[in-house]
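Engineer: Provide a 3D model corresponding to the input given below.
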Amino acid sequence: MKILVAFLVALTIFGMQSHGYEVFNIISPSSHGDNVQETVTIDNEKNTAIVNIHAGSCSSTTIFDYKHGYIASRVLSRRACFILKMDLQNTPPLNNLQRYIYEKQTLDNIFSNKYIWVKYNPLESLITDIDWFLLGSPIEKLCKHMPLYKGEVVENTHNVGARDCAKTGFPGILGISICADTHV
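Structural biologist: Reported below is the predicted structural model:
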C-alpha cells in the first residue's frame, strides 16, 4: 500500500512538472507567398511566453515576461533588442494565449486587429545602465550582449510609416512593429 501511495505521489509531482510549459509550432503564409514558422513556448511556471519567428533576415525572438511586466524583442536584421513596459490592458493574458494559438491553428482565418506600434530613437533611447534584476533573467538571456533600446508605444498611428519597421510579437494575435523615431 505504501508503495502504491509513493508511486501515485511521484506520478502526480512529475505529471504536474511536465505541464509547466507547452510548445506550439505554427506555419503561416506570409504576404510574399513564403511560409513563416512561429515557435511559441508558454512557460506557466516562469510566467513567460517566448515567440520565435523564423523568417530569414526578418526573424525575431520576443519574450512576454508577465512576472516582470516587460516585452523584449530581439530582431535579427537590426542586431539589437527592444524593450517596452507591458500594457496589461492590451496584452492578452498568458492563460488565454493557448486558446488563441489553438484557434489560429485550427481556424486559418483568425485575425486580431490588436497591434502595437513602437518607436525608438537610436541616439536617445539606448539603455546603457541595465538593471537585469528588474527586467528578469529571460530577457537578460535574450538581450545581454546586444544593444538594448527602450521602446515607446505610439498612440497616434495615422502618421506611421511602416516601410522600415521590424515586425515581431504574435502575428495575428498581438503584432508589434518596431520603428525608428524618424519613421513614426
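Engineer: for the rest of this, base every contact and every neighbour count on C-alpha atoms.
Structural biologist: OK.
Engineer: need the strands for the chain, in chain order.
Structural biologist: Assignment of strands within the chain using DSSP state E yields the ranges 21-29, 35-43, 48-54, 60-65, 70-75, 80-85, 115-120, 126-127, 148-150, 152-153, 166-170, 174-180.
Engineer: how much space between the closest residue to residue 63 other than its chain neighbours and residue 95?
Structural biologist: Ranked by C-alpha to C-alpha, 6 or more residues apart in numbering and with sequence neighbours excluded, the top spatial neighbour of residue 63 is residue 50, at 4.5 Å. According to C-alpha to C-alpha, to the nearest Å, residue 50 and residue 95 sit 14 Å apart.
Engineer: between the two, who's got more neighbours?
Structural biologist: Neighbour count, other C-alpha atoms under 10 Å: between residue 50 and residue 95, residue 50 has more, with 22 against 11.
Engineer: and the more buried one, what does it touch?
Structural biologist: Residue 50 is in contact with 40-42, 61-64, counting by C-alpha atoms under 8 Å, 6 or more residues apart in numbering.
Engineer: dump these to JSON lines, plus distance to residue 103, pLDDT and neighbour count.
Structural biologist: As requested, these are exported to JSON lines (distance: C-alpha to C-alpha, whole Å; pLDDT from 0 to 100; neighbours: other C-alpha atoms under 10 Å):
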{"residue": "40", "distance to residue 103": "14", "pLDDT": "90", "neighbour count": "23"}
{"residue": "41", "distance to residue 103": "16", "pLDDT": "93", "neighbour count": "18"}
{"residue": "42", "distance to residue 103": "16", "pLDDT": "93", "neighbour count": "23"}
{"residue": "61", "distance to residue 103": "22", "pLDDT": "94", "neighbour count": "21"}
{"residue": "62", "distance to residue 103": "21", "pLDDT": "93", "neighbour count": "25"}
{"residue": "63", "distance to residue 103": "21", "pLDDT": "95", "neighbour count": "23"}
{"residue": "64", "distance to residue 103": "20", "pLDDT": "93", "neighbour count": "24"}
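Engineer: redo those as TSV? Include distance to residue 140.
Structural biologist: TSV is the format used below for the contacts of residue 50 (distance: C-alpha to C-alpha, whole Å):
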residue	distance to residue 140
40	19
41	17
42	18
61	13
62	12
63	11
64	13
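Engineer: returning to that earlier point: mean pLDDT for the strands of the chain: which is lowest?
Structural biologist: When these are ranked by mean pLDDT, strand 115-120 comes last with a mean of 75.
Engineer: gap between residue 59 and residue 67?
Structural biologist: Noted for residue 59: a distance of 25 Å to residue 67, by C-alpha to C-alpha.
Engineer: neighbour-wise, which of these two wins?
Structural biologist: Neighbours were counted for residue 59 and for residue 67 using other C-alpha under 10 Å; residue 59 has more, 19 against 12.
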